[in-house]
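1. make a model of this:
(chains A, B and C)
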Amino acid sequence: MKPAPFDYHVPESVDDAVGLLASLGDTAKLLAGGQSLVPMLALRLAVFEHLVDLRRVEELRGIERRNGSLWVGAGTRQAVIEASDEVRAAAPLLAQATPLIGHFQIRNRGTVGGSLAHADSAAEYPAVALTLDAELEAQSPRGRRTIPATEFFTGVWSTALDEDELLLGVLLPVWEGRCGFAIEELARRHGDFALAGATVAVELDCDDRVARCAIGLLGLDSVPRRGSAAETAAVGRAIHELDPQEIGRAAVAELDNVPADLHAPADYRRRVGAEMVSRAWTRAVEEAGRG
Amino acid sequence: MVPQMTGPTSAARYAGTRVHRVEDARLLTGYGTFVDDITRPGMLHACFVRSPFPRARIDGVHATEALALDGVHAVFTAADINPEVHELWYSIMGKDIPDTPRPLLAEGEARFVGDPVAIVVAGSRYVAEDAAELVEVDYEPLEPVVDYRSARDASELVHEGYEKNVAGRLRGGNKDLMAEVGPSAAHVVSETIHQQAYVACPMETRGIVAEWSGGEMTIWAGTQAPHEVRAVCSRVLGLPEHRIRVIMRDTGGGFGQKVAPLREDLCVMVAARKVPAALKWIEDRRENLMAAGQARHEHGTASMAFAEDGTILAANIVHTQDVGAYPTPWPVGTAAAVGMIFPGPYRVPQAAWATTSMFSNTAGRIAYRGPWQFETVARELLLDIAARRMDIDPVELRRRNFLAADDLPYAMATGMPLDHISPREVFEHALELLDHDAFREEQAAAREQGRYLGVGTSSYVEPTTSAMGAFGTEGATIRVEPTGKVNVYVAGGSTGNSLETTAVQLTADALGVAIEDVNTIQGDTAVTPFGLGTGGSRSGSMIAGAVGTTARTLRERIIAIAAHKLEAAVEDIELADGRATVRGTPTAGLSIAEIAHTAYFDAASLPPDIEPGLEASGRYRAEAMSIWANATHVCTCEVDVTTGMVTILRYIVSEDCGPMINPNVVEGQIDGGTVQGIGGALYEHLAYDEDGNPIAATFVDYLMPTIAEVPVIEHGHIETPGPGPGGYKGVGEGGAIGAPPAVINAVADALSPFGVTITDLPVTPASIVALLDEVRAS
Amino acid sequence: MADVEVEIRVNGQPRRASVEPRRTLADFLREQCGLTGTHLGCEHGVCGACTVLVDGDAVRSCLVFAVQAEGAEVTTIEGIGAPDELSPVQAAFRDHHGLQCGFCTPGFVVSVTAFLRDHPNPTDDEIRDGLSGNLCRCTGYQGILAAVRAAAAGAQATTG
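-> Numbers count the residues shown, from 1 in each chain, chains lettered A, B, ... in the order given. Sure thing, here's the model as predicted:
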C-alpha cells in the first residue's frame, strides 16, 4: 500500500503556494496535515503528479480575534486548537468538537484548513463552520475572497474552492451573551467517523426565550447540513415550551440524501441524527441557561 | 492416575508463577525480528496483481508495459508458476483427503475479488505496486456466486465438478431425531442462527522472504508453524526437506491465519527460484482483508427438546458454512466438530448433526481461533431463547442440565469422550464473581428508570492438544552447555503465545536450574526438532511433554555423574537450585556447571556407562486423544434503546485449563480471545456487497475493538488436572469461543422486556434498533 | 519525480538521505535508517503501530512523508529505551503483560510515552480515550491498561 510517485513542492508563502497551484493546474494537490489525503494516496484512491506542502507557510497559522470573530489560520493544527484558551473562550463549539476528531496522534498533524477543504460530511469542523455561519478566506491568482460556510460545501469531498485557490483561514463569529454550545455524535467505535452527529449553538434572551440558534448536522448528507426548519421553529419561543425530541425530528425532517453503508442504513442515521440534535439541544440550552 | 512427566511438582519453582517474559525486552524496544525486518543482499519485492471481479474469465495477461518500468524484474502468471507445483497438501489433513482446488495463481478464471492473477517482482514494493497497476488482464466478468446460502440453487458453479457448489457434507446420529423426540417433549425450541464473516486479523499481515541459492531454499516467514512451511515448500517444489530452511523469530499474531502457508506464500516460493536474489512479499492490510481468508461465516438451525422441568432430551444442529473459493486446508472435516461438540457441557442423551460446506466467490475459509466455535454460539443463544420461552431464568435452565463431577467420564451423544472438566464449578464460580442475584435486582431497578441492563452467560467445553496425526508428538533438544548454561530447542511458532517463556520456565524446573540460566531457540527448522507449531491449543501441554521427556534423560545423566563424583548412591542425589547434592548432606554437592565441565572436558572421570556431553533429544507422544478444557463467560451490558448502542459493563471469565504454567500468559490468552469474540459479536464484519465486492477491506470499515470498547475482564480459575504432563490443558482458543454468545445473550437479556429474539450476528446499533422496530410493529 | 535531499534527526543522530517524495517516514526509518522497530500494521493511518514522535508529538509515520520531516527531530521506539535499560513505560508493559506478539507494542509505547507526558495522572477514561488510536489484537488491552495505570502511578511516586 504505497502511494504513486509525485513531485514535491514546499512554498514558503501563500503567494508562492497559489502561484504553484496556478502553474501546475489540476495535477497538483495541496498537502496540509495529510491525515485524510495520505491514506487516499496510499490506497491509490487518489493520484496527483504534484503535492504542494504547506508546512512552511507561516501565514497560515494562528488563532486571533478579528472584529467580533475568531480567526483560525488554515494551517493551525487541531492539537493547537484543542489546547487554546482563546478558542475555548471565543468558539466553545470548536473547542468541544476538536477532541472528537480521530485520535490525538491524528490531531497532532491534522489542520483546520485540511479538514474544511477535505469537506467530509461526517467530519466535525465542516459542521462547526456551518453552524456558526463562519466565513472562509481564500486566495487565488485572482485575489482574495471570503466564502460563507453556507456556500462552501458543495458535495462529497468537494468545496467552492477553485483548483488554484488556497484556503487561508476561517472566521468564526463570536457568540456573546447567554449562549450554550454542544456537539453530540454516535460512532460505532470511539474515534470513528460519526454515523450521525449534531452541533447546536443557542442564545437565550433574559426571559429564557431563544434569541437565536443554529443546528448543524453531520454525516447525514453528502455535505454538512443545517436543521433550518427546527431553528426557525425554535427562535422566539421560551425554552420550557420546546421539546428537544421535537426539535430533533424537525431538524432531520428535510434531509433527503442520508447516506447508507455497511455500518448503518439511512433510516437509522436519520433517527439517530434526530436523537443527537435532541441531546445536543438539551445540553446547549442548559449551558445557556446558566449564563 | 496421570503419570508425572516432569518429576515431582514440589520441585517446581517457576511453573505456576508470573515470571517476566523472556521475549519482552527485545519486543518493547524495537529489536524484535519480524519477517518485514529481514533484509537480504539485492533483495527483490513482490506485489500481486489481483482480480477486481468476484468471478471472471481470464483471457490474457499482458505485462509488456509493466516490464518496461524501471526497476521491474519479472512478471509471472499462472502459466509460469502453477506447472511448478509437484504436490500440495497440508500435514493436518494428510494427502489422502478429497481436497478442494487451490491453484497458486488464478488460471483461466478468477474466483473472488483479490484472487492473485500475477506476481510482479521489482526492486522495491513501491515500484512493484506501480508495475502491478500496469499489468493488463483481459477479464470477461462472469455471474458470481456471492451468497453461500443460495449457492446451492445458483445457476453458476464456483468450481467445475462440485455440483450445486457443495464442497462436502457430513452428518452424524439419527437424522429424524427431532421428529421422533419432539412430539413427546414438553418443549421444542428451534432457531436458525446466522454468524457473519469475521477474521483473525493479526496486527502483522502475512509475509515471507524466500531466497534460492546454491540449490538450497532459505525462507523467513511470519508463521505459526515453521516446520509446516518447510514441509509444504518441500512438497510444492519437489525439493528434499533438508535443502530447505525456514526461520521465524517474531511473528505478529496468527490466530489461525498463519497456521498453514497460503497460495501467495507458495507462489513466492516458486517465484524465488526464478529470480536472482531473495524475494520478499509483505502483504498490505487491504490484501489481508481481501485475500488472507475468511472465517466464521455460517448458519445453523439449532434445535433442542426439553422435558417439563427443563431437562434437555435431545439436541440437533443442521449447519451450513461458507468456504469461499479456495478454502485452506480442506474445510469439510473441521466442520464436523461443530456438530460433534454441539451438546457442549450438558447432559444431552440424544444428539444428531449435519454440516454442509458451500463454495462461493469470496475469500477462502481458513482456520481461526476455535474454528468450530459456532457450536457454542448456536447452543448458548438457543438455550437463552429457550429459557425465555419456558419462562425460566437462563441461569436456572443451565443449572438443571450441566454435567456434574459424578457424570464424568461422560460420552457425548455424538461420541465425544469428556473427562477432567468442571462445567458446573466454573459456572457457579463465574456467577459468584458477578453476584447474579444482585445484578438481577440492579437490572430491575434500572428498568424502572427506563434503562436496559442485561446479563448473558456462555459455557463450553473445548478439545485441546489433539493427538491426531502430525499433531500428536512434539520434540525437544536440551543442551547443557560446558559452562552449565542451558539451551532448549523446540519447534516454536510463537505468535505472541509466550512459548519462549513457557519453554524456559518448564526447562528450568525440569533441570532444577535458575531461569536466568536457560535460553531457548525456536523457529528455525535447521536446528529445532520437528513440530507442527501453534494450533489447536496444543503448545503448552506438548512443550511440557517434550521438555519433560527430554529433561528426564538429562537429569538421569546429571545425577549419575554427580553420584559417581560424590561417591553417593544415585537415589540419594537431589537436583535443585542449579546443584546436585547428597540427601542429608547438603554441603556435599556439585554445581551443574561443574558437572557440565566434567561431561565435556573431563570425560575420563565420567562413570563408565555414561556418554560424554550433556545434551539430549526426546520426543513426547500425546497420551489422550484430546485434553478437554472448559469455561463460562459472563457479560453484563447496558443497551441504549434509542440508538442501539451497547456498553459492556462487566466481563467475567471463569475457566478450567488445569494448573497454569504462567497465569499472566493464561489470562493474556483468555483476554485476547475474549476481545476478538466481543469484536465478532458487536463490531467486526468482513462484508461483501451483493455484487461480491468486499466492503470492509480497510481498517476504516473492518472494526476491531479498541481499548475504549473493552471492559476490564475479571478472571476465575478452577483447576482440574488434565490427562497430560503437569495436568496442563490448552487455553489459546477458548476466549474466542466463549465470548460472542455471552455478549449476545446479555444484549438479548437487556431487550427481553420488548420480546426481542436475536439470531443474527453481529449485533450492531442499527440492527438492535431494527429489531425493536419489528417487535413494536407486530 | 525528482528525489529530495532531507536531513532528519533520528534519535538524536542526524540522518541525511536523498528520498523519493512518496516515501513515507515509516519506510524511511525502517529502510534508510534500519530502525525496524517502527511497524506497519495498516499503512492507512488507523492502527497506530507506526507511531513515532516528531518534534515531540506522537504521529503516525505512515501518514507523513519523509520529505515533510525535513529538519525535524524524530524519536522512534529505539530512542525510548534499550533492552537492558527499559524506560518506565516499557518496564510497566513488561511487568503487566502489556504485550504478547509485540507487533503493535512500539506504537503503544511511543503513544503512551507522549500521552503520560501530557496527562501525568490520567483517569481510566482518559487512558481509554488516549489509546483508542492504537489497535492490539493479542492482549484484549487488559495488560496495556494496567501498564499505563502503573506507569502513571510510578511517575507520580517518583516526582511526588
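2. and residue 92, how many neighbours?
-> Because you didn't say which chain, this covers chain A. Residue A:92 has 20 neighbours, counted by other Cβ atoms under 10 Å in any protein chain shown. To be clear about C-beta, it is placed using only N, CA and C from the backbone, and glycine gets the same treatment.
3. chain C is the one I meant
-> Based on other Cβ under 10 Å, the number of other residues close to residue C:92 is 27.
4. swap in residue B:178?
-> Counted with other Cβ under 10 Å, residue B:178 comes out at 23.
5. residue ranges in the stretch 51-200 of chain A under the pLDDT threshold?
-> Judged against pLDDT under 70, the stretch 51-200 of chain A has no low-scoring part.
6. ok, for the closest residue to chain C within it, nearest residue in space, not its chain neighbours?
-> Closest contact between the stretch 51-200 of chain A and chain C, by Cβ to the nearest Cβ, is at residue A:103 (2.6 Å). Of all residues not flanking residue A:103 in the chain, residue C:133 sits nearest, at 2.6 Å (Cβ to Cβ, 6 or more residues apart in numbering or on different chains).
7. okay but the one you found is in contact with residue A:101, surely?
-> No: if you go by Cβ atoms under 8 Å, residue C:133 and residue A:101 don't touch, sitting 10.9 Å apart.
8. tell me which of those two has more neighbours.
-> Counted by other Cβ under 10 Å, residue C:133 and residue A:101 do not tie: residue C:133 has more neighbours, with 26 against 22.
9. phi and psi next, for that one.
-> As for residue C:133, its main-chain torsions (degrees, to the nearest 10) stand at phi -100, psi 10.
10. check contacts around it.
-> Counting by Cβ atoms under 8 Å, 6 or more residues apart in numbering or on different chains, residue C:133 touches A:102-106, A:191, B:706, C:48, C:111.
11. kindly report the same for residue A:59.
-> Applying Cβ under 8 Å, 6+ apart, the residues near residue A:59 are A:13-14, A:73, A:168.
12. quick check: it is in a strand.
-> No: using DSSP: H, G, I helix; E, B strand; the rest coil, the assignment for residue A:59 is helix, not a strand.
13. how about the helices in the stretch 101-250 of chain A?
-> A:104-107, A:112-118, A:124-131, A:149-152, A:228-234, A:244-253 (DSSP state H, counting those that start in this stretch).
14. cool, and chain C?
-> C:25-27, C:88-95, C:105-118, C:124-131, C:142-159 (DSSP state H).
15. got it, and the stretch 351-500 of chain B?
-> Counting by DSSP H, counting those that start in this stretch, the helices of the stretch 351-500 of chain B are B:374-390, B:394-399, B:423-434, B:436-448, B:499-511.
16. same thing with the stretch 651-778 of chain B?
-> Counting by DSSP H, counting those that start in this stretch, the stretch 651-778 of chain B has helices at residues B:663-682, B:734-750, B:765-777.
17. in the last one, which residues are buried?
-> Going by neighbour count (16 or more other Cβ atoms under 10 Å in any protein chain shown), the buried part of helix B:765-777 is B:765-769, B:771-772.
18. burial count for the closest residue to residue B:654 other than its chain neighbours?
-> Leaving out its chain neighbours, the residue that sits closest to residue B:654 by Cβ to Cβ, 6+ apart is residue B:716, at 3.2 Å. Using other Cβ under 10 Å, residue B:716 has 22 other residues around it.
19. kindly provide the distance from residue B:716 to residue A:210.
-> Here residue B:716 is placed at a distance of 55 Å from residue A:210 (Cβ to Cβ, to the nearest Å).
20. next one: residue B:348
-> Counting by Cβ to Cβ, the gap from residue B:348 to residue A:210 is 64 Å.
21. the two: which is more packed in?
-> Neighbours of residue B:348 and residue A:210, each counted by other Cβ under 10 Å, are more numerous for residue B:348; the result is 24 against 21.
22. quick check: that one touching residue B:316?
-> No: under the criterion of Cβ under 8 Å, residue B:348 is not in contact with residue B:316, lying 10.0 Å apart.
23. quick check: domain ranges of the chain?
-> Answering for chain A, as no chain was given. A:7-53, A:58-173, A:178-290 (automatic domain parsing).
24. wrong chain, I was asking about chain B
-> Using automatic domain parsing, chain B is parsed into the domains B:39-142+B:204-252+B:258-291, B:146-202+B:293-391, B:420-464+B:626-778, B:468-621.
25. neighbours of residue B:275, how many?
-> So residue B:275, with other Cβ under 10 Å, has 18 neighbours.
26. which SSE is it in?
-> Using DSSP states H and E, residue B:275 falls within no helix or strand.
27. quick one: is the worst-scoring helix or strand of chain C on mean pLDDT near chain B?
-> Lowest on mean pLDDT, DSSP states H and E among the helices and strands of chain C sits helix C:142-159, with a mean of 90. Yes: Helix C:142-159 lies within reach of chain B by Cβ under 8 Å from any Cβ of the partner chain, at C:142-145.
28. what does that helix rub up against?
-> Contact partners of helix C:142-159, identified using Cβ under 8 Å, 6+ apart, comprise B:664, B:667-668, B:671, B:707, B:710, B:712-713, C:88-89, C:91-93, C:95-99, C:108, C:112, C:115-116, C:119-122, C:124, C:127-128, C:131, C:136.
29. so that helix versus helix B:663-682, what angle?
-> 120 degrees (axes from the mean of the first three to the mean of the last three Cα atoms, to 10 degrees).
30. how about helix C:142-159, which residues are buried there?
-> Applying 16+ other Cβ under 10 Å to helix C:142-159 flags C:142-152, C:154-155 as buried.
31. same deal with stretch B:25-43?
-> Result for stretch B:25-43 [16+ other Cβ under 10 Å]: buried residues B:25-38, B:40.
32. chain C next: which of those residues are close?
-> B:25-34, B:36-37.
33. dump the residues you listed into a markdown table; add secondary structure as well.
-> A markdown table is the format used below for these (three-state DSSP):
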| residue | secondary structure |
| --- | --- |
| B:25 | helix |
| B:26 | helix |
| B:27 | helix |
| B:28 | helix |
| B:29 | coil |
| B:30 | coil |
| B:31 | coil |
| B:32 | coil |
| B:33 | coil |
| B:34 | coil |
| B:36 | helix |
| B:37 | helix |
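34. residues near residue A:143, how many?
-> Around residue A:143 there are 8 residues (other Cβ under 10 Å).
35. apologies, that question was intended for residue C:26.
-> 25.
36. please apply the same query to residue A:246.
-> Residue A:246 has 15 nearby residues by other Cβ under 10 Å.
37. for residue A:6, same thing?
-> Neighbour count of residue A:6, defined by other Cβ under 10 Å: 21.
38. what helix or strand is residue A:24 on?
-> Judged by DSSP H and E, residue A:24 forms part of helix A:14-24.
39. tell me which residues of that helix are tucked away?
-> Burial within helix A:14-24, assessed by neighbour count using 16+ other Cβ under 10 Å, is assigned to A:14, A:17-18, A:20-22, A:24.
40. how close does residue B:399 sit to chain C?
-> For residue B:399, the distance to chain C (Cβ to the nearest Cβ, to the nearest Å) stands at 28 Å.
41. repeat that for residue B:113.
-> On the measure of Cβ to the nearest Cβ, residue B:113 and chain C end up 18 Å apart.
42. mind checking the SS state of that residue?
-> Strictly by three-state DSSP, residue B:113 counts as coil.
43. show me the residue at the heart of chain C, geometrically.
-> residue C:110 (2.8 Å; Cα atoms, centre = their mean).
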